[in-house]
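A.B. asks: Pasting the sequence and the predicted coordinates here, then a few questions.
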Amino acid sequence: MGELLYRLKYKGERTAVNPLAKAAADFVQKWGIGIDIVVSVPPTKVRSFQPAVAVAERIASLLGVPLDRETVKRTKKAQELKGVMDPEKRADLLKDAFRIDGSPLKGKNVLLFDDLYRSGATMNAVADLLREGAGVADIFVLALTRTRSIT
């Protein structure tokens with residue numbers, strides 16, 4: 001997974017989208033839960049092609065549910081957190097970094113997706129918003145890979 005994600009994000013190999021999404025969707029289906037919608041953590045960088053969103057779109061398609069791209073928005077230009085080791089600094093950088101637009105997710109079971117997991121700070125921030133601001137029923141979290149070092 002890590003190698004495929006690296007090739008997608010840093011080498012632009014779009015052929016990695018399908019195998020990544022297939023493995024992820026197969027994994028989620030084994031959970032035996034009812035997912036109503038997929039929400040992708042908004043990307044940090046603005047790019048013409050968003051690798052994580054492309055994988056999220058494919059996962060949603062394979063699961064037979066929609067991908068919501070409109071509810072969770074970034075409120076400020078985000079600094080990449082992959083080089084920030086201090087948990088307090090990470091939390092400070094994430095404070096008010098996202099907002100909820102409307103509540104079309106109220107009562108839904110959400111699969112919250114991100115491509116890379118380091119400390120969980122970003123996913124926790126988005127999950128808190130989904131729970132408190134959007135009124136989702138349940139949140140299930142999926143990341144494709146975890147960084148090698150979390151210290």
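C.D. replies: Yep, it's here. Values in this document were obtained by computation on a predicted structure and should not be read as measured data.
A.B. asks: residues near residue 42, how many?
C.D. replies: Using other CB atoms under 10 Å, residue 42 has 19 other residues around it. Just so you know, the C-beta spots here come from the backbone N, C-alpha and C atoms, and that holds for glycine as well.
A.B. asks: just residue 126 next, same as before
C.D. replies: Here the count is done by other CB under 10 Å, and residue 126 has 24 residues near it.
A.B. asks: State the distance from it to residue 41.
C.D. replies: 5 Å (CB to CB, to the nearest Å).
A.B. asks: Identify the contacts common to the two.
C.D. replies: Shared contacts of residue 126 and residue 41, defined by CB atoms under 8 Å, 6 or more residues apart in numbering, comprise 72, 112.
A.B. asks: And the residue nearest the centre of the chain, how far from residue 3?
C.D. replies: Residue closest to the average C-alpha location in the chain (CA atoms, centre = their mean): residue 114, at 2.5 Å. Residue 114 sits 18 Å away from residue 3, going by CB to CB.
A.B. asks: if we can go back for a sec, was I right to think the residue nearest to the centre of the chain contacts residue 122?
C.D. replies: Yes: using CB atoms under 8 Å, residue 114 is in contact with residue 122, at 6.7 Å.
A.B. asks: quick one, phi/psi of the residue lying closest to residue 2 once chain neighbours are set aside?
C.D. replies: Nearest non-adjacent residue to residue 2, counting by CB to CB, 6 or more residues apart in numbering: residue 145, 4.6 Å away. Backbone geometry at residue 145, expressed as degrees, to the nearest 10, gives phi -150, psi 170.
A.B. asks: before we move on, what about residue 142?
C.D. replies: phi -140, psi 130.
A.B. asks: Look at it and report its pLDDT.
C.D. replies: As predicted, residue 142 sits at a pLDDT of 96.
A.B. asks: residues touching it, list them.
C.D. replies: So residue 142 contacts 24, 27, 28, 59, 111, 112, 113, 114 (CB under 8 Å, 6+ apart).
A.B. asks: can you rerun that using 7 Å?
C.D. replies: Residues near residue 142 by CB atoms under 7 Å, 6 or more residues apart in numbering: 24, 28, 111, 113.
A.B. asks: partner residues bridging it?
C.D. replies: Legend: beta-bridge partners of residue 142 under DSSP bridges are residue 113.
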